[in-house]
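> Pasting a predicted model and its sequence here:
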Amino acid sequence: MSTSPSSQKVLCVLYPDPVAGFPPRYARESLPTVARYPDGQALPSPASRDFTPGHLLGSVSAGLGLERFLVERGHRFVVTADKDGPDSVFARELVDADIVISQPFWPGYLTAERIEKAPRLRLAITAGIGSDHVDLQSAIDRNITVCEITWSNSTSVAEHAVMQMLALVRDYIPQYGWVVRGGWNIADAVSRSYDIEGMDVGVVAAGRIGLAVLRRMKPFDVRLHYTDKHRLPADTEQELGLTFHDTVESLVGVCDVVSIHCPLHPETEHMFDDALIGRMKRGSYIVNTARGKICDRDAIVRALESGQLAGYAGDVWFPQPPPGDHPWRAMPNHAMTPHTSGTSLSAQARYAAGVREILECWLDGRPIREEYLIVQGGALAGTGAHSYVEGDATGGSEGGAESASGQAG
Ligand code: NAD
C-alpha cells in the first residue's frame, strides 16, 4: 500500500445520465436493510456517505456520491462518460491521474498502452465486481493496486441469472411481445416453452455468484451441477445435492441449462467456442452474466441459428457498449439485457459505499480490506489470487471506440 497526503487526481468513468433527465423518478422510497453478506462478510463501512441509498449513483451527474468528500479534502475529481478512443476525455485526463474509478457496466478500459501513458496511476478501483477491464498483467508489472467491491452486487447478479434462466426455458420475452402487440396467440406463444423442473442445471464457477445461483435454483427441483477450480465444502455439496465436475467439458455434456459465473482472465477467454458448445445437448440454454468475452461471439450466433442452443441470455457484451450492429442484438432466441444485473439501485448503494471506504483507507494510509484486493504489491492478491490468473484479457477493447454513444434516444 502506498498513499500520499498531497492532492490526488481521481478520474471516474461512469455511464451517461438517463435520456429522460437526472435524477429519475424513483419507483420506491427506500431499500430493505441487508445486515451482512451470506458468508458473514461485513457490508461496506465508510466513515460517512453523501448519498441516499436507492438513488441513481452510477451515472455522471451522481458521481457515486464522491464529489463533496474528495473536494473537501483538496483532491480533484473528474467524472466522464467519454471513455473510448485516444481523444476521449478519459484518455486525455488519464495522463496525470493518480486514481481511476470505473464500473464494469461502462468500463474505462485500462489497456497496457493506456497504463503506459499514466505514470502517476497507483490505484484502479472497480465500482462493482470484475476487474478484467484492467490489464492486470500491466498493473502487476507497474505495481498498481487494483481492487473491487467484493460481494456488492453478487446477489444482484444471481437474481438476474435465475430470472434469465426462467425467461429462456419458459420463453417469456416472446410471450410478453404478443401481449404488447395486442395478440392472444397461445399456440405461437407456447411452442418453445418448457418447465425447468427436472432439468439438469449447472454453473461454471461456484464462487459468490455461482453458489448463490445454485442456492436459488434448488427449490425448482432441478439436478444441480458445478465446476470450479476450487471445490466447495462437502457439506455444501450435500446440502444442495450438487454434482461436481472437474472439467467444464464434463459439466456441459450433461446440463440442459448452463450459467457462467467465472471471471474473465486468459484461461476463460473464449471458453465457450464452437467445440465446447458442440459438446452440449442439442437445445441447451446458456446464461452468461459473467463477461461477454468468455463466449466466442460468433459461435453463439451460429449455435442459436442451427438450434444447437435453444436460447442465450445474459447481460455482458464485448466491447461495452456494443456497437449498434453487434450480432447479439439480432440473433434468434436471445433474452439479453444491457449490462444491468450488477447495477440495480440496491447494488449501487453498496458499491458506492465500498468505493468510499476504499478511498478513505487509501487516502488515510490504512490497508484496504483483503477481500477487495485483486492486485497489490506487484502480484495478484486477496480475491484476485483466489479467482484470477496473471495476464491480460483487455485485447480488442479498443473496438469500443467504434460504438455509438450507447444511448438510444
Ligand atoms: P468470486 O471471486 O466469488 O468467484 C469466482 C469463482 O470463479 C471462484 O470460485 C473461482 O475459483 C472461479 N474460477 C476462476 N477461474 C476459473 C476457471 N478457469 N474455471 C472454473 N472456475 C474458475 O466472484 P463472483 O462475485 O462470484 O463474481 C464472478 C464474476 O462475475 C466476476 O469476476 C465478474 O466477471 C462477474 N460479475 C458480473 C456482474 C454483472 O453485473 N453482470 C457483476 C458482478 C460480477
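Received it, and whenever you're ready, just let me know what you need.
> what helix or strand does I286 sit in?
Assigned by DSSP states H and E, I286 falls within strand 284-288.
> Spell out whether that strand and the ligand are in contact.
No - interface with the ligand: strand 284-288 contributes nothing (Cβ under 6 Å from any ligand atom), its closest point being 8.8 Å away. (C-beta placed from N, C-alpha, C; glycine too.)
> now do stretch 336-354
Yes - using Cβ under 6 Å from any ligand atom, stretch 336-354 reaches the ligand at H339, S341, G342.
> Narrow these to those in strands?
Taking DSSP state E, every one of the residues of stretch 336-354 next to the ligand sits outside strands.
> Which residues does the very next helix or strand once past the strand holding I286 contact?
Following strand 284-288 in sequence order, the next helix or strand is helix 297-306 (DSSP H and E). By Cβ atoms under 8 Å, 6 or more residues apart in numbering, the residues outside helix 297-306 that reach it are 272-274, 277, 286, 308-309, 311-312, 318, 326-328, 331-334.
> Does the ligand have contacts with the helix or strand immediately after helix 297-306 in the chain?
Going down the chain from helix 297-306, the next helix or strand is strand 309-314, by DSSP H and E. No - Strand 309-314 lies out of reach of the ligand by Cβ under 6 Å from any ligand atom, never closer than 7.7 Å.
> Kindly supply the PyMOL command isolating those of the contacts of helix 297-306 that are buried.
If you want just the buried ones from the contacts of helix 297-306 in PyMOL, going by 16 or more other Cβ atoms under 10 Å, the selection is:
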select buried, resi 272+277+286+308+309+311+312+318+326+328+331+333+334
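> what's the burial count for the closest residue to the ligand within the stretch 151-300 of the chain?
Closest approach between the stretch 151-300 of the chain and the ligand, counting by Cβ to the nearest ligand atom: G207, at 1.8 Å. G207 has 21 neighbours, counted by other Cβ atoms under 10 Å.
> Model confidence for it, exactly?
Per-residue pLDDT puts G207 at 98.
> Does it touch Y388 like I think?
No - between G207 and Y388 there is no contact under Cβ atoms under 8 Å: 11.2 Å.
> how near is the residue of the stretch 151-300 of the chain closest to the ligand to V287?
When distance is defined by Cβ to Cβ, to the nearest Å, G207 is 16 Å away from V287.
> rewinding a little: from the residues of stretch 336-354 next to the ligand, list just the buried residues.
Buried among the residues of stretch 336-354 next to the ligand (16+ other Cβ under 10 Å): H339, S341, G342.
> Next, give phi and psi for the first one.
Main-chain torsions, H339, degrees, to the nearest 10: phi -70, psi 90.
> ok, it - contacts?
By Cβ under 8 Å, 6+ apart, the neighbours of H339 are P104, F105, W106, D315, V316, W317, Q320.
> Could you tell me the end-to-end distance of stretch 82-91?
9 Å (Cα to Cα, to the nearest Å).
> Now distance to A139 and pLDDT too, for the residues of stretch 336-354 next to the ligand, in a markdown table please.
Shown next, in a markdown table, are the residues of stretch 336-354 next to the ligand (distance: Cβ to Cβ, whole Å; pLDDT from 0 to 100):
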| residue | distance to A139 | pLDDT |
| --- | --- | --- |
| H339 | 22 | 98 |
| S341 | 25 | 98 |
| G342 | 21 | 98 |
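> Closest to the ligand out of these?
G342 (2.5 Å).
> what about the closest one, distance to P16?
18 Å.
> swap in G210?
Distance of G210 to P16, computed by Cβ to Cβ: 31 Å.
> These two: which is more packed in?
G210 (26 against 17).
> hang on, the earlier thing: among the contacts of H339, find me the one that's closest to V146.
Distances from V146 to the contacts of H339, taken as Cβ to Cβ, are shortest for P104 (12.6 Å).
> residue boundaries of the strands in the stretch 101-250 of the chain?
123-126, 145-148, 200-204, 223-227, 242-244 (DSSP state E, counting those that start in this stretch).
> Adding mean neighbour count, distance to A20 and mean pLDDT, write those out as JSON lines.
Formatted as JSON lines, the strands of the stretch 101-250 of the chain follow (neighbours: other Cβ atoms under 10 Å; distance: least, Cβ to Cβ, whole Å; pLDDT from 0 to 100):
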{"stretch": "strand 123-126", "mean neighbour count": "28", "distance to A20": "28", "mean pLDDT": "98"}
{"stretch": "strand 145-148", "mean neighbour count": "26", "distance to A20": "30", "mean pLDDT": "98"}
{"stretch": "strand 200-204", "mean neighbour count": "26", "distance to A20": "36", "mean pLDDT": "99"}
{"stretch": "strand 223-227", "mean neighbour count": "22", "distance to A20": "41", "mean pLDDT": "99"}
{"stretch": "strand 242-244", "mean neighbour count": "18", "distance to A20": "44", "mean pLDDT": "99"}
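> Of those, which is nearest S7?
Of those, nearest to S7 by Cβ to Cβ is strand 123-126, at 14.6 Å.
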